[in-house]
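> Using only what follows, build the 3D model:
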Amino acid sequence: MPAADLSQRDRLVTLFAVLLALFLGALDQTIVATALPRIVEDLDGVTRYAWVATAYLLASTAMVPIYGKLADIASRRTVEVWAIGLFLVGSALCGLAGEFGPLPVLGDGMTQLIVFRALQGVGGAGLFAMAFIVIADLFPPAERGKYQGFVGAAFGIASVLGPLLGGFLTDHADGVIPGVAGWRWVFYVNIPFGALALWFVLRRMPRFDPVGGGRIDYLGAALLVGGLVPFVLALQLDKQACPWAGPVTLGLLAGGAALLAGFAVRSARTSDPLLDLGLFRQRVFSASVAALFFYGGAFLGLVVFLPLYLVNVLGTSATAAGVALIPLSLGVVFGATVSGQIVSRVGRYKRFMVGGGLVFVVGVFGLSRLTVDTSFSTILVLMVVCGLGVGPTLPLFPLAVQNAVDVRKLGQATSATQFFRQIGGAVGTAALGAVLALTLTTALGSAAAAPPVEGGVPATAAEGALPPEPVRQAYALATRHVYTLALGFVGAGWLLTLLVPDLPLRKTFDEDLGRGTEVGPPDPSTVHAVEAQA
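Numbering: from 1, shown residues only. Okay, the predicted model is just below:
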C-alpha cells in the first residue's frame, strides 16, 4: 500500500511500533551498565568486563550501513521484522548466558554473554537505522520533523530510565522467578515489549517496497565490517595494556585502515555499492554527516567523563553523578521535540540547526571552565544547556539529508547519519580519554600518587567522601582539558552546519517520487541559488 493511501491511525500505530523497538535498543545501551558489576561477579568474568559493551558497540556500528542498503533494496517491513527478531533472540540468549554452564564452542558464561551481546547489537543496529527510514516512508518531508523529534525523545527518555531500571532489576528482581538472578531481567525485560512492537509491525505496517532495486555487495560489506571491527576495537582497548604506540593498537588501526580503503575502492568501482560515494558530492549530505561525526564525539564525552569529575572533585555519590545526567536527557528530549515541531510548521531547518549548535557551544564552553569550586547546581544548568543544544541535531540532520537525496538512496543516506554519529562517538571518547589519562598522569606527578586504575579508567573516590586536594585539583584540570577538546569537536560541527544549504522541505510524497536519477534536487539551478543564499 502506498504511504499516501494510509490512514492517520495506521501511520501512528506503525510509528508507535518502530519507536518502541528503537526505545528498547536505546535502553539497552544504558541499562546493562549498572548491572555489569553483578554480572561479572556471577559469571566470574571481571577481566572481560569491557567486552560486554564493546561487542555490542562493534556489531551495532558495523551493521548500520548494511541495514541502510537493505532498506533500499528490500521491503522495509521485512528488514524491520528481522532487526526486531534478532534483537529479541539476542536478548533472550544474553539472559540465559551461563545458565547451563560452559557450552561447546561458546565456552563459559561470560564468553557466551559477549557473543550474544554481539548478536543483540546486530539487531539493535537495525532498530536505530530503520526508525528514521520508516518515518520517511510514513510522512511527507514537510511533516517528518515533528515525528522524527520523537526519536530524540525516545533516546533521551531511555538514557534516563536505563541506569535506574538496570539498578532496580539487578537489586530487586531476584525473587520474580526462583533461581533466576535479578540481572538477567535486564535482558528479559526486552522480550514482552519487543514482541508487542513485532506484533504491531506484522499486523499494521505496510511492506514499503523499495522505489528502485539492487543487490547487496557482499564483498563491500565484508570489507566494511572487516575494517570497522579492528578500527573501533583499537579505539576501545585499554590503553594501559595496549598503548597507542604499541604494536597491537597500531596493527589494528593499520589493518582497519587498509580494509576501509579497500571498501572505498570497491564502492567507487561497483555499479551497486553498499554506500554510494556519489552521496558525498551532495553538500547537504557531506556537511551533515561530517557535523554529526563531531557532535557525536562531543556528546558521548559529556556522558562518559562528567561522572568522574563529580565523584573525584565534588565528592558526590555515584547515584548523584547519575542524577546529574538527567537534566541533559530532559534537555535533549525538549530540544528534539520542539525543534521538530517548529520545523514542520515553518518548512525550514537550518536556523534551528545553527541555533542549537550555538547553544551546545555555550554549554560545553561552560564545562571547559570547571574548577574545584564549581557548584553542583551549576553543573545541572550546564547539562540542560547542552541538552537543549544537541537535541535539534537528532531529528534535523537526518531530515535535511532525506530532503536532499534521491528517494531511491534514502535508506543508505539516512543510515549514514546514524553511522557517522556512532563512529564520531567512538573516536571522540578515545581522544578525550587519552587527554584525560595524559593530564592526570602529568598532574599527579607519578603513578604512586595517582588513584588506582581499573580497566583503564581511574578509580573513583569512596561514595560521599571528598577526595584529597591533589586528586581534586588533578581531576579538575583534566576535566577542563577534556572539555576544551570537546569544545573543539562542537565548534567543528557547528562550522560544518553553516555549510548545509537551507533547502525548502518538500511537502508531498509526489515531490519525493518525482526525483530524477541524479542525487540531489531535480533543478540544479534552484539548488545553487539556495546554496548561495545559505
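> Do a quick rundown of the strands in the stretch 251-400 of the chain.
With strands called from DSSP state E, counting those that start in this stretch, the stretch 251-400 of the chain shows none.
> Let me see the ranges of the helices in it.
Ranges of helices in the stretch 251-400 of the chain, per DSSP state H, counting those that start in this stretch, are 283-312, 318-323, 326-346, 350-367, 376-390, 393-404.
> Now render those as JSON lines, adding mean neighbour count, distance to Ser75 and mean pLDDT.
Every C-beta, even on glycine, is put in place using the N, C-alpha and C of the backbone. Shown next, in JSON lines, are the helices of the stretch 251-400 of the chain (neighbours: other C-beta atoms under 10 Å; distance: least, C-beta to C-beta, whole Å; pLDDT from 0 to 100):
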{"stretch": "helix 283-312", "mean neighbour count": "24", "distance to Ser75": "25", "mean pLDDT": "88"}
{"stretch": "helix 318-323", "mean neighbour count": "17", "distance to Ser75": "41", "mean pLDDT": "72"}
{"stretch": "helix 326-346", "mean neighbour count": "22", "distance to Ser75": "27", "mean pLDDT": "87"}
{"stretch": "helix 350-367", "mean neighbour count": "20", "distance to Ser75": "32", "mean pLDDT": "94"}
{"stretch": "helix 376-390", "mean neighbour count": "21", "distance to Ser75": "33", "mean pLDDT": "92"}
{"stretch": "helix 393-404", "mean neighbour count": "28", "distance to Ser75": "19", "mean pLDDT": "87"}
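> what about the most centrally placed residue in the chain, distance to Ser415?
The structure's the chain has its C-alpha centroid closest to Gln422; by C-alpha atoms, centre = their mean the separation is 4.8 Å. Using C-beta to C-beta, to the nearest Å, Gln422 is found at 10 Å from Ser415.
> Tell me the residues that contact both of the two, please.
Val64 (C-beta atoms under 8 Å, 6 or more residues apart in numbering).
> in this protein, what spans have low per-residue confidence?
1-5, 211-213, 318-319, 445-467, 506-534 (pLDDT under 70).
> where along it do the strands fall?
For the chain, the strands defined by DSSP state E occupy 453-454, 457-458.
> Now distance to Leu19 too, for the helices of the stretch 251-400 of the chain, in TSV please.
What follows is those, written out as TSV (distance: least, C-beta to C-beta, whole Å):
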stretch	distance to Leu19
helix 283-312	20
helix 318-323	24
helix 326-346	12
helix 350-367	21
helix 376-390	19
helix 393-404	12
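> nearest to Phe132, of the ones you listed?
helix 393-404 (4.7 Å; C-beta to C-beta).
> tell me, how many neighbours does Arg281 end up with?
Counted with other C-beta atoms under 10 Å, the neighbours of Arg281 add up to 12.
> ugh, wrong one, Ala257
By other C-beta under 10 Å, neighbour count at Ala257 equals 14.
> any idea how far it lies from Gly123?
The value you get for Ala257 to Gly123, if C-beta to C-beta is used, is 28 Å.
> what do you get for Ala404?
Remark: distance between Ala404 and Gly123 (C-beta to C-beta) = 29 Å.
> can you check Thr249 too?
The gap separating Thr249 from Gly123 is 29 Å, by C-beta to C-beta.
> got it, and Gly347?
Distance, Gly347 to Gly123, using C-beta to C-beta: 36 Å.
> So for these two, which residue has more residues nearby?
Gly123 (28 against 15).
> give the contact list for the closest residue to Glu143 other than its chain neighbours.
Leaving aside its sequence neighbours, Glu143 sits nearest to Ser344 (C-beta to C-beta, 6 or more residues apart in numbering; 5.5 Å). Neighbour list for Ser344: 142-146, 505 [criterion: C-beta under 8 Å, 6+ apart].
> Out of those residues, grab the one that's most surrounded.
Gly145 (30 neighbours).
> I'd guessed that one sits against Pro392; true?
No. Using C-beta atoms under 8 Å, Gly145 makes no contact with Pro392, being 9.6 Å away.
> list residues touching both of these two?
339-340.
> Which residue is the nearest non-sequential neighbour of Val151?
Setting aside the residues directly before and after it, Val151 is nearest to Ala131 in space (C-beta to C-beta, 6+ apart), at 5.4 Å.
> same thing with Gln112?
Distance criterion C-beta to C-beta, 6+ apart; nearest residue to Gln112, sequence neighbours excluded, is Ala97 at 4.1 Å.
> surely the one you found meets Gly107?
No. Using C-beta under 8 Å, Ala97 is not in contact with Gly107, being 10.6 Å away.
> Serialize the contacts of Ser344 to CSV and add fields for distance to Val232.
Formatted as CSV, those follow (distance: C-beta to C-beta, whole Å):
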residue, distance to Val232
Ala142, 37
Glu143, 35
Arg144, 30
Gly145, 31
Lys146, 34
Leu505, 34
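> Spatially, which two of these are the most separated?
Using C-beta to C-beta, these span at most 11.4 Å, a distance reached by Lys146 and Leu505.
> Find the residues that touch each one of these two.
343-344.
> out of everything not next to it in sequence, what's closest to Gln412?
In this structure, Gln412 finds its nearest non-sequential neighbour in Gly68, 4.0 Å apart by C-beta to C-beta, 6+ apart.
> which residues touch the one you found?
Counting by C-beta under 8 Å, 6+ apart, the residues that Gly68 touches are 129, 133, 275, 411-416, 419.
> Val435: neighbour count?
Counted by other C-beta under 10 Å, the residues lying close to Val435 total 19.
> Next one: it from Val46, what distance?
For Val435, the distance to Val46 - C-beta to C-beta - is 27 Å.
> One more: Asp217?
From Asp217 to Val46 the distance is 41 Å (C-beta to C-beta).
> Repeat that for Gly251.
Gly251 is 26 Å from Val46, by C-beta to C-beta.
> And Ala125, by the same measure?
Distance, Ala125 to Val46, using C-beta to C-beta: 28 Å.
> cool, Val381 as well?
With C-beta to C-beta as the criterion, Val381 and Val46 are 37 Å apart.
> Same question for Leu495.
Distance of Leu495 to Val46, computed by C-beta to C-beta: 43 Å.
> and if you look at Pro395?
Going from Pro395 to Val46 by C-beta to C-beta gives 40 Å.
> how many neighbours does the nearest residue to Val18 once chain neighbours are set aside have?
Among residues not flanking Val18 along the chain, Val134 sits closest, at 4.9 Å (C-beta to C-beta, 6+ apart). Here the count is done by other C-beta under 10 Å, and Val134 has 27 residues near it.
> Then Val482?
Neighbour count for Val482, taken as other C-beta under 10 Å: 28.
> ok, it touching Phe305?
Yes. Using C-beta under 8 Å, Val482 is in contact with Phe305, at 5.4 Å.
> anything in contact with each of the two?
What both Val482 and Phe305 touch, as defined by C-beta under 8 Å, 6+ apart, is the set 432, 436.
> pretty sure Gly220 is touching Arg266, no?
Yes. Under the criterion of C-beta under 8 Å, Gly220 makes contact with Arg266 at 4.7 Å.
> Now list whatever residues contact both of those two.
Residues touching both Gly220 and Arg266 (C-beta under 8 Å, 6+ apart) are Pro273.
> Please identify which of those two sits among more neighbours.
Gly220 (24 against 18).
> Pull the contacting residues for that one.
Applying C-beta under 8 Å, 6+ apart, the residues contacting Gly220 are 263, 266-267, 270, 273-274.
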